[in-house]
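Chemist: build me a model:
(4 chains)
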Number of protein chains: 2
Amino acid sequence: MRLSKTSEYALRILSFMAKEPELLYSAKFLVEKLNISDKYLRRLMTNLTKSGFIRSAQGRDGGYSFAKKLNDIVLADIINSVEGMEKYMGCVLGFDQCSDANPCVMHSTWVNVREKFNETFQNKTLADFNFDEINKF
Amino acid sequence: MRLSKTSEYALRILSFMAKEPELLYSAKFLVEKLNISDKYLRRLMTNLTKSGFIRSAQGRDGGYSFAKKLNDIVLADIINSVEGMEKYMGCVLGFDQCSDANPCVMHSTWVNVREKFNETFQNKTLADFNFDEINKF
DNA sequence: ATAATATACTACAATAATGTAGTATTTAAA
DNA sequence: TTTAAATACTACATTATTGTAGTATATTAT
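Modeler: Residues are numbered from 1 along each chain as shown, chains lettered A, B, ... in the order given. Below is the predicted model of the structure:
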């Protein structure tokens, strides 16, 4: 029930950009706004660019902008691009061999919770958030 | 959507003991069965004893047994005793200041997922698992 | 040309989480 | 009284995650 900083940051960056999806955002500007260290953010931007969510414009006045429509950017795909959803889909008791066919005692209970997460992240895109409401972050 | 090893182990130990809740389990036996290092397990047992889930019988032929009825052992309380549920209840974007009153853009979506986890762990006790089924772990 | 901004590396530092080692003491069955 | 098994510490080792530093090169508006 917690994502890694890497996943948090990736979502934080893209959801921030999604508020004004037509703009071009410099790494410098994002660093100032999002409280993420410069090098860490740039490393993530490289991943997100390679994964095709954003494109980079090099040279003076360059920066990053969306390479896809917001409704084509699925949250689970963002996680996958920076570290992989599987990381979050393991057995609650930590048994590697646990599966539907070979379940631990808490398997069905946990699958229930886990699928709520998975479905939400598979079904939500960046277009599904209402940026007009008074959201501070 | 992932618990720490500490939480995993605590649940692993207690759910193992719950299969035969009347028995006394030595630390040595649990270590052999559960693939958790000796010192780490003992440290956890001390926590779980202090929290009142189990009691320790010292001396020769000692070990651990339940100090409560299984239906009084709530999963969330186990997590709380070893590290705290709050750890799993934070903002998905990692904003400390994010709250119902002061939400991030993904707040309502995340609360939805988070509460599924929270409710499940607040409502399930060790008595709610069917140990008669063919669960390998 | 210069300046701002990007890419692409490599390497190291700091912190948090997990795991291991050791030593001394207490308890209670046999 | 001996012994197995507990408590209660302290300290260190390993690994993973997160964060920082530096250097070299490419791109494009001005």
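
Chemist: quick one: stretch A:17-34 to chain centroid distance?
Modeler: 15 Å (C-alpha atoms, centre = their mean, to the nearest Å).

Chemist: distance between the ends of that stretch?
Modeler: From its first residue to its last, stretch A:17-34 covers 11 Å (C-alpha to C-alpha, to the nearest Å).

Chemist: can you name the residues in contact with it?
Modeler: Residues outside stretch A:17-34 that contact it (C-beta atoms under 8 Å, 6 or more residues apart in numbering or on different chains) are A:9, A:12-13, A:16, A:36-38, A:41-42, A:45, A:54, A:57, A:61-66, A:70, A:126-127, A:129, A:131, B:105. Backbone N, C-alpha and C define where each C-beta goes, glycine included.

Chemist: near DNA strand C too, which of these?
Modeler: Contacts with DNA strand C within the contacts of stretch A:17-34, as defined by C-beta under 7 Å from any atom of the strand: A:R42, A:M45, A:A57, A:D61, A:G62, A:G63, A:Y64.

Chemist: closest one to DNA strand D out of those residues, please.
Modeler: A:D61 (4.6 Å; C-beta to the nearest atom of the strand).

Chemist: returning to that earlier point: most surrounded residue in the ones next to DNA strand C among the contacts of stretch A:17-34?
Modeler: A:Y64 (23 neighbours; other C-beta atoms under 10 Å in any protein chain shown).

Chemist: host element of it?
Modeler: Here A:Y64, judged by DSSP states H and E, is contained in strand A:63-66.

Chemist: what mean pLDDT does that strand get?
Modeler: Throughout strand A:63-66, pLDDT has a mean value of 94.

Chemist: repeat that for stretch A:127-137.
Modeler: On average, stretch A:127-137 scores 79.

Chemist: ok, and for that stretch, which residues are buried?
Modeler: A:F129, A:N135, A:F137 (16 or more other C-beta atoms under 10 Å in any protein chain shown).

Chemist: wait, is A:R55 part of a strand?
Modeler: Yes. Counting by DSSP: H, G, I helix; E, B strand; the rest coil, A:R55 is found in a strand.

Chemist: thought it was touching A:M45?
Modeler: No. With contact defined as C-beta atoms under 8 Å, A:R55 does not count as touching A:M45 (10.6 Å).

Chemist: common neighbours of the two, please.
Modeler: Taking C-beta under 8 Å, 6+ apart as the criterion, A:R55 and A:M45 both touch A:Y64.

Chemist: how close does A:I78 sit to DNA strand C?
Modeler: Distance of A:I78 to DNA strand C, computed by C-beta to the nearest atom of the strand, to the nearest Å: 16 Å.

Chemist: follow-up on the earlier one: which ones among the contacts of stretch A:17-34 lie within helices?
Modeler: Judged by DSSP state H, helices contain the following of those: A:Y9, A:R12, A:I13, A:F16, A:D38, A:L41, A:R42, A:M45.

Chemist: can you tell me which of these is nearest B:V111?
Modeler: A:R12 (17.0 Å; C-beta to C-beta).
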